[in-house]
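S.K.: okay, predicted coordinates and the sequence, questions at the end:
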Amino acid sequence: MIPSLEGYAKRGVGPQSAGKDFCKQLTVMKTELVTTLKRQATRLISEIRMKHVPILITEHGKPAAYLVDVESFKNQQARIGILEGIARGERAIREGRILTHAGAKKRMKRWLA
């Protein structure tokens, strides 16, 4: 099992990739009221497009939603997909659902022909 995978999954990156994306995640997140979102949606959307930093929207003092740019959302979804694939593979190994190289080649032969 990958140590502290849950923490990396939340951020979408690991310390080994401490590049631009990782540093963005360490930036202090801005918080806005839902009424501010209603009045200034265009400005807030422009801000997240430029800065690529999500904004936490609160309603009655409680977190209600995150506003994120499309590129960051797509990247996060791709990372989640990869992590889910790794988890499925680890589960298959634990359950003994593994094949030898020759067995996998034989099973895939129909797909590759």
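M.R.: Good, I have the coordinates. Computed from a predicted structure; not experimentally measured.
S.K.: which of the helices and strands in this protein ranks last by mean pLDDT?
M.R.: helix 5-11 (a mean of 45; mean pLDDT, DSSP states H and E).
S.K.: show me the shaky parts of the chain.
M.R.: Low-confidence segments of the chain, defined by pLDDT under 70: 1-27.
S.K.: repeat that for 50
M.R.: 1-18 (pLDDT under 50).
S.K.: scan it for its longest helix.
M.R.: helix 70-94 (DSSP state H).
S.K.: helices and strands around that one, which ones?
M.R.: Applying 3 or more C-beta pairs under 8 Å, 6 or more residues apart in numbering; DSSP states H and E, one finds that helix 70-94 contacts helix 5-11. For the C-beta atoms, the positions are set from N, CA and C on the backbone; glycine is no exception.
S.K.: so which residue is smack in the middle of the chain?
M.R.: For the chain, the residue sitting closest to the mean C-alpha position, by C-alpha atoms, centre = their mean, is Gln76 at 2.8 Å.
S.K.: how much space between that one and Gly85?
M.R.: 15 Å (C-beta to C-beta, to the nearest Å).
S.K.: ok, now Lys62?
M.R.: Counting by C-beta to C-beta, the gap from Lys62 to Gly85 is 34 Å.
S.K.: quick one, which of those two is more surrounded?
M.R.: Gly85 (10 against 6; other C-beta atoms under 10 Å).
S.K.: the more buried one: what's it in contact with?
M.R.: With contact set as C-beta atoms under 8 Å, 6 or more residues apart in numbering, Gly85 has no partners.
S.K.: so what are the domain limits for the protein?
M.R.: 16-68, 70-113 (automatic domain parsing).
S.K.: highest mean neighbour count out of those domains?
M.R.: domain 16-68 (a mean of 13; mean count of other C-beta atoms under 10 Å).
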